[in-house]
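**Student:** give me coordinates for this.
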Amino acid sequence: MQSQNMAILSHLKSGKTVTSLEALNLFGCLRLGARISELRSLRWPINTDMINVGEKRIGKYSITVAKEYWPDYSGPVTSYELKHGY
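**Tutor:** Numbering: from 1, shown residues only. Purely as a prediction, here's the structure:
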């Protein structure tokens, strides 16, 4: 996984949400939709809610399913998670 993917996944796994503007500010990610697609291809159950921002509609991503439905995984994904306590 790319480091942006790992940072985004860590953020989502902590129960937070992310939009494209937030991803740009937090992770330097210009193509959040592509990163989410890559994570979904690894079977991460990422939800998309469409929200209104001014006159535009954008995706707000989250993981809303219980951890027992997450892909098999033991331990932190990255040093990013260790550093931030996820």
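**Student:** would you map the helices across this structure?
**Tutor:** With DSSP state H as the definition, the chain shows helices at residue ranges 3-13, 20-27, 32-41, 79-84.
**Student:** packed most tightly, which of those helices would that be?
**Tutor:** With neighbours defined as mean count of other C-beta atoms under 10 Å, the helices of the chain peak in mean count at helix 3-13, which reaches a mean of 21. Every C-beta, even on glycine, is put in place using the N, C-alpha and C of the backbone.
**Student:** and that helix, what does it pack against?
**Tutor:** The helices and strands touching helix 3-13, judged by 3 or more C-beta pairs under 8 Å, 6 or more residues apart in numbering; DSSP states H and E, are strand 18-19, helix 20-27, helix 32-41, strand 56-63, helix 79-84.
**Student:** relative to Thr17, how far out is the closest residue to Tyr69 other than its chain neighbours?
**Tutor:** In this structure, Tyr69 finds its nearest non-sequential neighbour in Pro45, 6.1 Å apart by C-beta to C-beta, 6 or more residues apart in numbering. When distance is defined by C-beta to C-beta, to the nearest Å, Pro45 is 14 Å away from Thr17.
**Student:** surely Gly28 and Gln4 touch.
**Tutor:** Yes: shown here, Gly28 and Gln4 form a contact pair, counting by C-beta atoms under 8 Å, at 7.3 Å.
**Student:** what's the pLDDT at the residue of the chain most remote from its centre?
**Tutor:** Counting by C-alpha atoms, centre = their mean, the extreme residue of the chain relative to its mean C-alpha position is Glu55, 24.3 Å from that point. Looking at Glu55, its pLDDT reads 95.
**Student:** from what I see, Met50 and Ile58 are in contact.
**Tutor:** Yes: in this structure, Met50 is within contact of Ile58 by C-beta under 8 Å, at 7.2 Å.
**Student:** who's more crowded, the two?
**Tutor:** Set side by side, Met50 and Ile58 show more neighbours around Ile58, with 15 against 8, by other C-beta atoms under 10 Å.
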